[in-house]
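# Task: produce atomic coordinates for the following.
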Amino acid sequence: MKIRIILPAICVALASTIGGYASAHDGQAETVVPKFDQAIANFPGKSLRVVEVDYAPGAASPPHSHAKSAFIYAYVLAGEIESKVNDGENHIYKAGDSWFEPPGAIHSVSRNASKTMPARLLAVFVVDANETTLTTPIK
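A predicted model of the protein is given here:
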């Protein structure tokens, strides 16, 4: 039960750290900002990486997968995000809501649910420390 309280608090705290901007998915109307990257000392070979994803109104990511080793916790910071992972149903998550993606998952829908308001989420990755590519578009 404590992790359900502590993990979102950690994610919000990490969101305030300084990170450089990087465009994601070649020109889509989203921005990915790296926020945190640290080896996990008591979990050899694993790192904790955090990115903030900002979606302009109506913006979407193309279908994608993440690093095969990545366990992902996503937390909506603002707005509403529509998401579909693997064979699950489309779901709209509002600010304060969260979900997870297991290793090897296919993220077929990831978009701002609003055509008029921006949306923002924090994605927390537990991933192999030597992994260099976190997201790969599916063609």
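
# from here on, contacts and neighbour counts on C-alpha atoms
Noted.

# who's Pro34 bridged to?
Val51 (DSSP bridges).

# My understanding was that it contacts Glu52; is that so?
Yes - counting by C-alpha atoms under 8 Å, Pro34 touches Glu52, with 6.5 Å between them.

# Who has more neighbours out of those two?
Per other C-alpha atoms under 10 Å, whichever of Pro34 and Glu52 has more neighbours is Glu52, with 25 against 20.

# Tell me if I'm right that that one and Ala119 touch.
No - in this structure, Glu52 is not within contact of Ala119 by C-alpha under 8 Å, at 10.6 Å.

# what kind of secondary structure is Leu77 in?
strand (DSSP: H, G, I helix; E, B strand; the rest coil).

# what about it, how many neighbours?
Neighbours of Leu77 under the rule other C-alpha under 10 Å: 23.

# does the residue of the chain most remote from its centre count as helix, strand or coil?
For the chain, the largest distance from the centre (C-alpha atoms, centre = their mean) belongs to Asn42, which lies 23.4 Å off. Counting by three-state DSSP, the backbone at Asn42 sits in coil.

# now swap in Glu89 and tell me
Applying three-state DSSP: Glu89 is coil.

# And it, how far from Pro63?
According to C-alpha to C-alpha, to the nearest Å, Glu89 stands 15 Å off from Pro63.
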